[in-house]
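# sequence first, then the predicted structure, then my questions.
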Amino acid sequence: MSKHGKVLVAMSGGIDSTVTAMMLHEEGYEVIGITMKTWDYANSGGGGKETGCCSLDSINDARAVAVDRGFHHFIVDIREEFGNYVIDNFVDEYLAGRTPNPCVLCNTHIKWESLLKRADTLDCEFIATGHYAQIGESNGRKYITKAVDRNKDQSYVLWGLSQECLSRSRFPLAKLTKPEVRQMAHDWGYTDLAKKGDSYEICFVPDNDYRGFLKRNVPGLEQEVDGGTFVDTEGKKLGTHKGYPFYTVGQRKGLGMAFGEPMFVTEIIPESNTIVLGRSEDLVRNAMYVGQLNCLKYESFPDGMEALTQIRYGDPGALAKINAKGESLEVEFLANVKGVAPGQSAVFYEGDDVIGGGIIQRYPQN
């Protein structure tokens, strides 16, 4: 019988999740490791070496540590449920002219739900991951708050978690820095693990070529959208492009044309296969509309509240006023921001605490 209970730990084979499992095991939890196979890169048509959390090497690394430390480990194939939801959404969003964030969607609808389902089957009270984030509580509500290591903080990608998920989740790395985590792996004798690099690619696009992924997974797409139009902010034609799904708001490089000055994608119009290009200042927005909301810290978003608003991972955030409009929010930036991209997540902070978040729907024309 364990001192602290039974915990199911998501183990990708990387250093963070592996150290998480070892920490909990050392603390006296009954640990069960689980590695979820979300994607089969060998069948994706991508080039290069298989890497990341779905590779055979990563799965073997996770299992080897579990065997060495003396706790159970399972491999679960969730490719079907992952593909039907996350990958279909990824493709659909690009075809709609938006820029998706599949990691947020996967955390919210796939990984945590899959973990909870398996935790119940295995009689585990808790689930744990190697995310750098903390869980706070006030007025009976759980919410995400920033990690101690601000360079690794992952609170932005966890805004969609439910109260049930948070009540059963543990983030053992919350108060640790990455160098401290590496040192722990080294001290436990796992020198190779301590040297492992971080993976920043989307797991099902490990070559980081989302355009190639779309071409391979949407038959005929390349031919169908080729020859679209580049226009300036006044509507004047500047040239032709390879198809609207292959561009993202804020993009400057890879446009395939020289303009004599830096030009950026400022808008994507899928209905007419049009890409609007402008100067850096044309990326400035003073407001946006956010939907598909999840409020964490409060029962609902406080109307008229000022909050630090982050519009992409790694964004320092900008102060904004949030106005409730039914099931969506109208967000007014107090200082103009650049690069608001429909499809990305908007996450709202009160100090270090995540109030909640949603998906950027659109922005008003300036």
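Looks like it arrived, so ask away.
# may I ask you to confirm that residue 337 is in contact with residue 318?
Yes - Residue 337 lies in contact with residue 318 (C-beta atoms under 8 Å); the separation is 4.8 Å. (Glycine included, C-beta is placed from N, CA and C.)
# who's more crowded, the two?
Neighbour totals were compared for residue 337 and residue 318, and residue 337 leads with 20 against 17 (other C-beta atoms under 10 Å).
# are we agreed that that one is in a strand?
Yes - according to DSSP: H, G, I helix; E, B strand; the rest coil, residue 337 belongs to a strand.
# now it: how far from residue 170?
34 Å (C-beta to C-beta, to the nearest Å).
# equivalent analysis for residue 351, please.
Here residue 351 is placed at a distance of 22 Å from residue 170 (C-beta to C-beta).
# more neighbours: the two, which one.
More crowded of residue 351 and residue 170, by other C-beta under 10 Å: residue 170, with 21 against 9.
# what about the strands in the stretch 101-250 of the chain?
For the stretch 101-250 of the chain, the strands defined by DSSP state E, counting those that start in this stretch cover 126-128, 134-138, 141-145, 169-170, 228-232, 237-241.
# the chain: helices as residue ranges?
Applying DSSP state H to the chain gives helices spanning 15-27, 56-69, 79-82, 88-95, 102-106, 112-121, 163-168, 178-187, 191-194, 210-217, 221-225.
# and those: which comes nearest residue 304?
Closest approach to residue 304 among the helices of the chain (C-beta to C-beta): helix 163-168, 24.3 Å.
# reformat the helices of the chain as TSV; add distance to residue 250, mean neighbour count and mean pLDDT.
Formatted as TSV, the helices of the chain follow (distance: least, C-beta to C-beta, whole Å; neighbours: other C-beta atoms under 10 Å; pLDDT from 0 to 100):
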stretch	distance to residue 250	mean neighbour count	mean pLDDT
helix 15-27	29	22	96
helix 56-69	31	18	89
helix 79-82	28	16	82
helix 88-95	15	18	94
helix 102-106	18	21	87
helix 112-121	30	17	93
helix 163-168	31	16	96
helix 178-187	28	16	96
helix 191-194	36	14	90
helix 210-217	15	18	92
helix 221-225	20	15	95
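# in CSV: those helices, plus distance to residue 36.
Formatted as CSV, those follow (distance: least, C-beta to C-beta, whole Å):
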stretch, distance to residue 36
helix 15-27, 11
helix 56-69, 10
helix 79-82, 8
helix 88-95, 17
helix 102-106, 10
helix 112-121, 6
helix 163-168, 15
helix 178-187, 21
helix 191-194, 19
helix 210-217, 20
helix 221-225, 29
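# relative to residue 297, which of these is closest?
Nearest to residue 297 among the helices of the chain is helix 163-168; the distance by C-beta to C-beta comes to 11.0 Å.
# can you list contacts of that closest one?
The contact list for helix 163-168, computed with C-beta atoms under 8 Å, 6 or more residues apart in numbering, reads 112, 116, 119, 125, 126, 127, 135, 141, 142, 143, 144, 296.
# OK, contacts around residue 312?
By C-beta under 8 Å, 6+ apart, the contact set of residue 312 is 339, 341, 344, 345.
# contacting residues around the helix or strand bottoming out on mean pLDDT in the chain?
Least confident element among the helices and strands of the chain, by mean pLDDT, DSSP states H and E: helix 79-82 (a mean of 82). Here helix 79-82 makes contact (C-beta under 8 Å, 6+ apart) with 37, 38, 39, 40, 106, 110, 114.
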